[in-house]
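> Sequence first, then the predicted structure:
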Amino acid sequence: MTAVLTASLSVGSASAEAAALPQAQDLVGVGAQTTQSLLSQLSVDYNASLGSDTASPRLYSWDATGTSPVITKTGATSIPRPDGAGAGIKALVANTSATVDFVRSDRGPTASDPHGLDFVALVKDAVTWSAQKTGNAPAQLTPAQLNGIYACSLTNWQQIDPGLPNATIRPYLPQGDSGTRASFLSAIALTVPGACVIAGPEENQGTDPALNDPNAVFPYSVGHYLGQTAFGHTTSTDAPGNLTLRNIAFGNYKLVPVTDSVIDQNFANSQFGHLVYGVFRDAEWTGADAHAQALQNVFGVYGWICNDPVAQADIATFGFLALPSCGVTITLT
């Protein structure tokens, strides 16, 4: 069993092994790979902050990939491990707090999401495209060019620039439940990818052998990439491999995703920036019972993640941007 649990998290690692199964009252999350490393560290530090308080629920978060099915906490129903924001939301809706309390979501709410959910803003991220360090891709592409590549109307590098190699572009997307996939497609104004697009690599895992291709193009979370490269939060699979982040061009203006090991503010403020959320059942998020209070204590406007200096430091050292609007809620009615 692989879970993000207590103080067994080591410096430089991207996740932690389960020391014990969470208790029934604990707050347990599933979902996006993009923020699983951040939630790992937040879980360790929040649980440590409780000190001798043995009554308050602890915080735990299951990785997106690993052994499946999983039993997430004591008394829980065994479920397929949710891989991605979309799969996490489905698990949240299909189960009760006896199994899943929250979802890590690296995309915002969509028209297809069920009613009765609350998307609570936690941090800011951005998404860009990546390519092999020594491959055939240029240093920058426009949103229209990226749209053309993923719509399959641009299929050869020489359609982008006659000076580029005469080679077929190989656009990849993460699997369908990926929030990084959803955020990227939204940024390039594309609803349905073309038939040339290859789906399947896990989001933000440049070590996938399929991406070892000089013509590969692949979306990537800028925050997660910084966590991997600037702050050393990697494993043998959760790493960028030979992929490097690329720029976005708007006419003669170039947007660079990273400046001084931080998500570039102009990039974050563009259409390629997006919020990252915790997703909750509205009845539990807005309730008046102890479970609702425990959720608010961690994720709310006045909660630990949004206000504690240790949590804010975790956000920065995992590559993401702190939010002035942390804890603000979007309710799907």
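Looks like it came in fine. Every value quoted in this text rests on a predicted model; they were computed, and no experiment measured them. Numbers count the residues shown, from 1 in each chain.
> residues contacting N147?
Taking C-beta atoms under 8 Å, 6 or more residues apart in numbering, we find N147 in contact with I188, A189, L190. Where you see a C-beta, it was placed from the backbone N, CA and C, and this is true even at glycine.
> whoops, I mixed them up, V276
Neighbouring residues of V276 by C-beta under 8 Å, 6+ apart: 32, 34-35, 104-106, 121-125, 223, 320.
> Among the residues you listed, which one lies nearest to A294?
Within those, proximity to A294 (C-beta to C-beta) peaks at L122, which comes in at 16.3 Å.
> Need phi/psi at that closest one.
Note on L122: backbone dihedrals following degrees, to the nearest 10 are phi -120, psi -50.
> and if you look at the one 3 residues further on?
Per-residue torsions, D125: phi -130, psi 180 (degrees, to the nearest 10).
> Look up the residues forming beta bridges with the spatially closest residue to A137 that is not a sequence neighbour.
Closest residue in space to A137, ignoring its immediate chain neighbours: A131 at 3.6 Å, by C-beta to C-beta, 6 or more residues apart in numbering. Beta-bridge partners recorded for A131 (DSSP bridges): T244.
> and if you look at the one 10 residues further on?
Beta-bridge pairing for L141 (DSSP bridges): I248.
> Filter the contacts of V276 down to just the ones in strands.
The strands, defined by DSSP state E, take in R104, S105, A121, L122, V123, K124, D125 from those.
> and A151, how far is that from V328?
Plainly put, A151 is 34 Å away from V328 if you go by C-beta to C-beta, to the nearest Å.
> and what of I198?
I198 sits 37 Å away from V328, going by C-beta to C-beta.
> Kindly report the same for L185.
Counting by C-beta to C-beta, the gap from L185 to V328 is 24 Å.
> So which of those two has more stuff around it?
Per other C-beta atoms under 10 Å, whichever of L185 and V328 has more neighbours is L185, with 20 against 16.
> doesn't the more buried one fall inside a helix?
Yes: under DSSP: H, G, I helix; E, B strand; the rest coil, L185 sits within a helix.
> per-residue confidence for it?
Predicted confidence (pLDDT) for L185: 98.
> Likewise for L243?
98.
> By residue count, which helix of the protein is the longest?
The longest helix of the chain (DSSP state H) is helix 36-49.
> Name the next helix or strand downstream of it, please.
Using DSSP states H and E, the helix or strand that follows helix 36-49 towards the C-terminus is strand 59-61.
> Please enumerate the helices of the stretch 151-300 of the chain.
All helices of the stretch 151-300 of the chain, identified by DSSP state H, counting those that start in this stretch, fall at 157-160, 179-187, 222-229, 265-268, 282-285, 290-299.
> Now do the second one: which elements does it pack against?
With contacts defined as 3 or more C-beta pairs under 8 Å, 6 or more residues apart in numbering; DSSP states H and E, helix 179-187 has these neighbours: helix 85-94, strand 117-132, strand 170-173, strand 216-221, strand 273-281.
> got the angle between that helix and strand 216-221?
Helix 179-187 runs at 100 degrees relative to strand 216-221, counting by axes from the mean of the first three to the mean of the last three C-alpha atoms, to 10 degrees.
> CA atoms of helix 179-187 as CSV?
The C-alpha trace of helix 179-187 is given here as CSV (Å, rounded to 0.1, in the frame of the first residue of the first chain):
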residue,chain,number,x,y,z
GLY,A,179,-6.3,18.0,-14.7
THR,A,180,-3.1,19.1,-16.4
ARG,A,181,-4.6,17.8,-19.7
ALA,A,182,-7.8,19.7,-19.1
SER,A,183,-6.0,23.0,-18.1
PHE,A,184,-3.7,22.8,-21.1
LEU,A,185,-6.5,22.2,-23.6
SER,A,186,-8.5,25.1,-22.1
ALA,A,187,-5.4,27.3,-22.4
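> Between its first and last residues, how far does stretch 278-291 reach?
16 Å (C-alpha to C-alpha, to the nearest Å).
> got the buried residues for that stretch?
For stretch 278-291, the buried set under the neighbour-count rule, 16 or more other C-beta atoms under 10 Å, comprises G278, V279, F280, R281, E284, W285, H291.
> do stretch 132-152 as well
132, 135-138, 140-141, 143, 145-151.
> ok, so of those, who is nearest V70?
Nearest to V70, judged by C-beta to C-beta, of the buried residues of stretch 132-152 is Y150 at 32.5 Å.
> can you confirm that closest one is in a strand?
No: applying three-state DSSP, one finds Y150 to be helix, outside a strand.
> Look up how far Q158 lies from it.
According to C-beta to C-beta, Y150 and Q158 sit 18 Å apart.
> Could you do P114 as well?
Distance, P114 to Q158, by C-beta to C-beta: 45 Å.
> and what of K254?
From K254 across to Q158, the span is 21 Å (C-beta to C-beta).
> do the same with T286
T286 is 55 Å from Q158, by C-beta to C-beta.
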